[in-house]
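**Q** model this:
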Amino acid sequence: MNVHSVATATGGPVDLRAQAWRVAFRAQAGAQERLAEINEPINAVAVASPIDLCAALAAPADDGLLIVWVKSAPGGAVDLDAQLQAWIKAGLAPNQSPVHASIKTVRVSCSEARCLLYAAPEQLADAMDAVCRFVPVLRETRALEARMAATWPRIKAHTPLTHAVTRAQLKLQGEVDRETELATEMKAMHLRLASALEQLDQTLSATSKRIFADLAEAAALHDRVEMLEDPIQFALDHYELANWRLTEIGAARTGTVLEVLIILILLADFSMRVLEYLAPYVSNLFSPIIPG
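**A** Predicted coordinates:
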């Protein structure tokens, strides 16, 4: 991941008591606009744009990420703290809470759409780098959990396809094909999530890696991704078996139809040859009867 200074990415210095940015994850961006380049679990470029603090606190959640930075200094933002804590929790479901991490003088509270950073200016770039890498992992993990949960009822509905397949069930081939593709996509995303959690990029700073690791641990991402491995593999195996059974039975029935057609063609050919052979005898047999 290539990380530029936050001052360069946002177009100004970072020496105010509190600042806010709207981070967008784009497919591509100019070199001067890039805050971070993300390779796992998605391919994206994080681009930060400065935004007024009051506007950030009032902005609704969207596909991007709102980051509020508060300079770590004694008594630097006591009056803001209560408002910021309410902001970071806004929009979360009752059973959800922000993820918290702390390393040295850096404190992070993060959800899928909002992030609150307490850090010294010299640590801000590393903290934002870690957050920009963490949020896609958090989002994709939740999305993968939801996709797997939605797959279980469909697996149950398609369980009969793992043994005897009826003629009517052959019409389910299209559904099984789609489910096989979805299971393959889930498997690919699972592998990419596991890779992202390992933080294999050698260009990452130690501080950024530590913050990311603390956030991932607080969100139990390692355990959550690990728990998805067996269900996803089961779904993939299930639909591979269902696909094989449908293909096997379909091919067998197609083969039977072709065999019947071949037999009918052979019978027709045999009948024609018999008629050609018997035609002279039949003609001689009836010639005395039929007047010339």
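
**Q** I'd like to know which elements the lengthiest helix in the chain is packed against.
**A** Across the chain, the helix with the greatest residue count (assigned by DSSP state H) is helix 221-286. Contact here means 3 or more Cβ pairs under 8 Å, 6 or more residues apart in numbering; DSSP states H and E; on that basis helix 221-286 packs against helix 121-157, helix 173-198. In short, each C-beta sits where N, CA and C put it, glycine included.

**Q** tell me the most buried of those?
**A** helix 121-157 (a mean of 19; mean count of other Cβ atoms under 10 Å).

**Q** low-confidence ranges, the stretch 51-200 of the chain, go.
**A** Along the stretch 51-200 of the chain, the parts satisfying pLDDT under 70 run over 72-79.

**Q** per the record, what domains does this protein have?
**A** Domain assignment for the chain by automatic domain parsing gives 6-122, 126-253.

**Q** which one of these lies closest to Ala268?
**A** Between Ala268 and the domains of the chain, the tightest spacing by Cβ to Cβ is seen for domain 126-253, at 22.8 Å.

**Q** centre of the chain to that closest one, how far?
**A** The chain centroid and the centroid of domain 126-253 are separated by 7 Å, computed with Cα atoms, centre = their mean, to the nearest Å.

**Q** what number of residues lie near the closest residue to Ile103 other than its chain neighbours?
**A** Computed as Cβ to Cβ, 6 or more residues apart in numbering, the closest residue to Ile103 that is not its neighbour in sequence is Arg210, at 5.1 Å. Arg210: 18 surrounding residues under other Cβ atoms under 10 Å.

**Q** would you mind giving the helices and strands packed on helix 221-286 as a markdown table with distance to Ala55 added?
**A** Supplementary listing: those in a markdown table, determined by distance: least, Cβ to Cβ, whole Å:
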| stretch | distance to Ala55 |
| --- | --- |
| helix 121-157 | 19 |
| helix 173-198 | 31 |
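
**Q** figure out which of the ones you listed is closest to Ala36.
**A** Evaluated with Cβ to Cβ, the helices and strands packed on helix 221-286 place helix 121-157 nearest to Ala36, the distance being 4.4 Å.

**Q** for Phe25, what are its contacts?
**A** Contacts were defined as Cβ atoms under 8 Å, 6 or more residues apart in numbering; by that measure Phe25 touches 38, 42, 44-47, 63-65, 136.

**Q** is it correct that Leu170 is in contact with Thr247?
**A** No. Assessed by Cβ atoms under 8 Å, Leu170 is found out of contact with Thr247, at 9.9 Å.

**Q** how long is stretch 80-98 end to end?
**A** Here the two ends of stretch 80-98 are set 18 Å apart, with distance taken as Cα to Cα, to the nearest Å.
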